[in-house]
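K.L.:
one predicted model, sequence on top.
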Amino acid sequence: MQNRRDRLLLGLALLLALSSLGLNLVFFWQMNRMRDSARLAVDQGIASLDELYASDFRYDYHLKETIPFKGSIPIREDLLFPIKTEVIIDTTIPVTLFNVALSVPIHTTVPISTQVPVNVDTSVPVSLTLPLDLKIPIAFSVKDSPLDGVLQRIRERLTQLREGL
């Protein structure tokens, strides 16, 4: 009877050891699958970061506003107005010479070439509304932006994590 009980205990111990070995194999296989999945996820993360790092950001910002303006614009200028013309004189002048009244005809052209200084000192009142409808293009490279350092540090950490897997 002792022999039978020992065999039964030995069989149970063997069954328990084989079950443990089987469970350990399943656990080891699952851990390898999880490690492979983690490596794949980290590799995809690194690839996405590299793609983001190499990309350019482009956006068209549409600004549509109405800006009221009320004020005065001062104008202070010293100007020179050039005048270049000819004055035609076609007239008759009465002249008395030795008690004789005469009519002297004058037919001539007088050239005039001068500059007239004009001092302007005034303010022009202005009240208007300026409608703005602008498309402002915004473009920058990610590697030339403040994100550069952050993305590089994240990539370094992911690379270290990948090496540890």
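P.N.:
Cool, the structure landed. Keep in mind that this is a model prediction, so the values were computed, not measured. Numbers count the residues shown, from 1 in each chain.

K.L.:
what's the burial count for S103?
P.N.:
With neighbours defined by other Cβ atoms under 10 Å, the count for S103 comes to 8. Yep, even glycine has a C-beta here, placed from its N, CA and C like the rest.

K.L.:
quickly find the element holding it.
P.N.:
Using DSSP states H and E, S103 sits in strand 100-141.

K.L.:
by contact count, what packs against that strand?
P.N.:
strand 56-97 (3 or more Cβ pairs under 8 Å, 6 or more residues apart in numbering; DSSP states H and E).

K.L.:
now the spatially most central residue of the chain: how far from D60?
P.N.:
The centroid of the chain falls nearest to I138 when counting by Cα atoms, centre = their mean (3.0 Å). Distance, I138 to D60, using Cβ to Cβ, to the nearest Å: 7 Å.

K.L.:
just to revisit the earlier point, would you mind measuring from the residue nearest to the centre of the chain to A54?
P.N.:
Taking Cβ to Cβ, one finds I138 at 19 Å from A54.

K.L.:
tell me if I'm right that the residue nearest to the centre of the chain and L63 touch.
P.N.:
No: contact criterion Cβ atoms under 8 Å: I138 and L63 do not qualify, at 11.3 Å.

K.L.:
show me the shaky parts of the protein.
P.N.:
Along the chain, segments meeting pLDDT under 70 span 1.

K.L.:
what about the longest helix in it?
P.N.:
helix 2-54 (DSSP state H).

K.L.:
so what does it touch, helix or strand wise?
P.N.:
helix 147-164.

K.L.:
quick one: list the elements packing against the helix it packs on.
P.N.:
Partner elements for helix 147-164 (3+ Cβ pairs under 8 Å, 6+ apart): helix 2-54.

K.L.:
quick one, the helix it packs on and helix 147-164 angle?
P.N.:
160 degrees (axes from the mean of the first three to the mean of the last three Cα atoms, to 10 degrees).

K.L.:
between helix 2-54 and strand 100-141, how many degrees?
P.N.:
170 degrees.

K.L.:
helix 2-54: how far from the chain's middle?
P.N.:
52 Å (Cα atoms, centre = their mean, to the nearest Å).

K.L.:
what do you get for stretch 91-99?
P.N.:
83 Å.
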